[in-house]
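**Q** Got a predicted model here, sequence first, then my questions.
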Amino acid sequence: MSWNWKYAGLLAFSTIVDYSVGLVLAREQRPRARTYILIISLTSNLGLLALFKYYNFFIELSGPAIAMFGWDLSLLRHELLLPVGISFYTFQTMSYTIDVYRGERVLERNFLKFAVFVAFFPQLIAGPIVRAKQFLPQLHHLPNVTTQRFHDGLFLVFKGLSKKILIADLLATLAVDNVFTHPLTFSSWDLLIGLYAYTFQIYYDFFRLAAILPSDWQRCWATISRRTSTDPIFHRMCVSFGLAGTSPFLPGCGTISIFHSAAAGRRHGESK
């Protein structure tokens, strides 16, 4: 992923589109029209995600097979950067329009508050994906800031930053980077150590973000550290990234659940 201020326009585009779609969905009562309006949100957001994140991948994947017929797909590659956080804010804004489509009371008429929901920096780059009904109500109530809570907040930030610098970055330098850069030059034991070191690097890298998230979000991140065996690790990682069945975002570990939710909302609307 790369940063370029020009790509902030993509974030603004998704924010404006889904804010507008939410307002129109709130006024529209016809099921078929509501479905078409939702499709505008899905196609615009997923289209941008596919272009920037997956387009070149599929070109490279299908290139050898197409080359057998004498066609060169390499000319179709683009040189666009992969914008920072595009996956997270794409699915977060779509979760809002899907919730509005399904009739949940999450509509936000204040554009500035909705923009904060989309671009909230602690979870914009690395998640977790947060649903509107979790986040937006907090913007309508001023927090009770006390000296003790201020000190506690600084301590959490320092704690997370320390684990990032002293553990995650150190593991990357000593055991991870070289192993993943030149794997053929290392023994099997070295590769195994590098693999486990990378696991802990990722955990402590994300810990710095979890430390500054609101307390009701931290439960998602905490579950990964409480595993008792290797069996539930995939499920717990999905929880931490906002994907698993117990998470606040998607009912199943996979983006196809978005379309399942939209279809369920359409059936519900037509049955009224």
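**A** Done, it's in.

**Q** Enumerate the helices of the stretch 51-200 of the chain by residue range, in sequence order.
**A** With DSSP state H, counting those that start in this stretch as the criterion, the stretch 51-200 of the chain has helices at 55-67, 86-101, 111-119, 121-124, 132-139, 147-163, 169-171, 177-181, 188-210.

**Q** low pLDDT regions in the stretch 151-272 of the chain?
**A** Residue ranges of the stretch 151-272 of the chain with pLDDT under 70: 207-272.

**Q** rewinding a little: out of the helices of the stretch 51-200 of the chain, the one nearest Tyr36 is which?
**A** helix 86-101 (11.0 Å; Cβ to Cβ). (Glycine included, C-beta is placed from N, CA and C.)

**Q** Quick one: mean pLDDT for that closest one?
**A** For helix 86-101, the mean per-residue pLDDT is 90.

**Q** for stretch 49-66, same thing?
**A** Rounded mean pLDDT across stretch 49-66 is 83.

**Q** Could you check how far the most far-flung residue of the chain relative to its centre is from Ser188?
**A** Centroid-distance maximum for the chain: Gly70 at 39.0 Å, with Cα atoms, centre = their mean. Look at Gly70 and Ser188: by Cβ to Cβ, to the nearest Å, they are 43 Å apart.

**Q** Can I get stretch 99-107 in CSV? Just the C-alpha atoms.
**A** Output of stretch 99-107 as CSV, limited to C-alpha atoms (Å, rounded to 0.1, in the frame of the first residue of the first chain):
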residue,chain,number,x,y,z
ASP,A,99,-27.7,-1.4,7.3
VAL,A,100,-29.9,1.5,6.0
TYR,A,101,-31.3,-0.7,3.3
ARG,A,102,-32.2,-3.3,5.8
GLY,A,103,-34.1,-0.8,7.9
GLU,A,104,-31.7,-0.4,10.8
ARG,A,105,-31.7,2.9,12.5
VAL,A,106,-28.3,4.1,11.6
LEU,A,107,-29.0,6.9,9.2
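
**Q** how far is it from where the chain is centred?
**A** Here stretch 99-107 is found 20 Å from its chain centre; the criterion is Cα atoms, centre = their mean, to the nearest Å.

**Q** The closest residue to Leu76 other than its chain neighbours and Leu48, how far apart?
**A** Leaving aside its chain neighbours, Leu76 sits nearest to Ile59 (5.6 Å; criterion: Cβ to Cβ, 6 or more residues apart in numbering). Separation of Ile59 from Leu48 (Cβ to Cβ): 17 Å.

**Q** same thing with Ala12?
**A** Noted for Ala12: a distance of 12 Å to Leu48, by Cβ to Cβ.

**Q** Spatially central residue in the protein, please.
**A** In the chain, the C-alpha nearest the mean C-alpha coordinate belongs to Phe88, at 2.5 Å (Cα atoms, centre = their mean).

**Q** Quick check: that one touching Phe120?
**A** No. Using Cβ atoms under 8 Å, Phe88 is not in contact with Phe120; the gap is 10.2 Å.

**Q** follow-up on the earlier one: so for Ala12 and Leu48, which residue has more residues nearby?
**A** The neighbour comparison of Ala12 against Leu48 (other Cβ atoms under 10 Å) goes to Leu48, with 17 against 13.

**Q** Hmm, the more buried one is touching Gly9, no?
**A** No. Counting by Cβ under 8 Å, Gly9 is not a contact partner of Leu48; they are 10.6 Å apart.

**Q** got any residues that touch both of the two?
**A** Taking Cβ atoms under 8 Å, 6 or more residues apart in numbering as the criterion, Leu48 and Gly9 do not both touch any residue.
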